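Output the structure for:
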Amino acid sequence: MTRHFATYGAGNIDKFINDMQKYSIGMDEWLHRMGSVHETEENYPPYNLLKETEIRFRLEVALAGFKEKDISVYTENNKLFVEGKKGETTEGDYVHRGLAKRDFTRVWTIADDVVIDDVTYEDGILTVILERVIPDHQKKKIYM
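Predicted coordinates:
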C-alpha cells in the first residue's frame, strides 16, 4: 500500500483547514492563531525579520524620531507587541515633514516555544532577539 502525503499551498487552503480539523486533536487554538496572523492593519513602521540560526531570529523595526521612552515591547497570549507613543515634540513651521509622527501598534504571532532573548534600541532601530526554546527531551543526546 502506497501512502501519499498531501501538499498544501495557497490554492487549496480550504482542504488544509478541513484536513486539520478532521485529523487533529487539540489544534483549535493553533488554527485560531493562524486566522489572526494579520492583526496589524498598517504597514507602519517598516521592519526586517532575519533568521540568524534555526532557533534564533532578529526583528529590526525602524523607529526614526522615537525616543526609547516612547517605545513599549511586550508579549501576551502568544503575540509580540511593539507600540510607539509619540512624546511631546517641538512644533515648528515645517517645510516638509517626512518622519511619521503617529502612535502605532505592531503585532506578530509567536509560537509557544519562542521567547524574547534581548531588546535594544540604537540609532532609530529597535532590535528584538527571539529564540526558540528547545525542551531537554528534544535536544540531541549522545549515548556512545
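
From now on I want contacts and neighbour counts done on CA atoms only, so please keep to that.
Noted.

Distance of residue 22 relative to residue 11?
Going from residue 22 to residue 11 by Cα to Cα, to the nearest Å gives 19 Å.

got a pLDDT number for residue 6?
pLDDT recorded at residue 6 is 65.

what's the nearest residue to the residue most central in space within the chain if we skip its chain neighbours?
Against the mean C-alpha coordinate of the chain, by Cα atoms, centre = their mean, the closest residue is residue 108 at 3.1 Å. In space, and not counting its chain neighbours, residue 108 is closest to residue 80: 5.1 Å by Cα to Cα, 6 or more residues apart in numbering.

same question, residue 112
residue 78 (6.4 Å).

How many neighbouring residues does that neighbour have?
15 (other Cα atoms under 10 Å).

Which residues are in contact with it?
109-112 (Cα atoms under 8 Å, 6 or more residues apart in numbering).

Among these, name the ones in strands.
Taking DSSP state E as the definition of strands, the contacts of residue 78 contribute residue 109.

Give me the buried subset of the contacts of residue 78.
Among these, those classed as buried by 16 or more other Cα atoms under 10 Å are 109-110.

Just the closest of the contacts of residue 78 to residue 99, please.
Closest approach to residue 99 among the contacts of residue 78 (Cα to Cα): residue 109, at 27.4 Å.

ok, the residue lying closest to the closest one once chain neighbours are set aside to residue 116 distance?
Distances taken as Cα to Cα, 6+ apart place residue 79 nearest to residue 109, at 4.5 Å, with adjacent residues excluded. Residue 79 sits 11 Å away from residue 116, going by Cα to Cα.

just residue 103 next, same as before
Distance, residue 103 to residue 116, using Cα to Cα: 23 Å.
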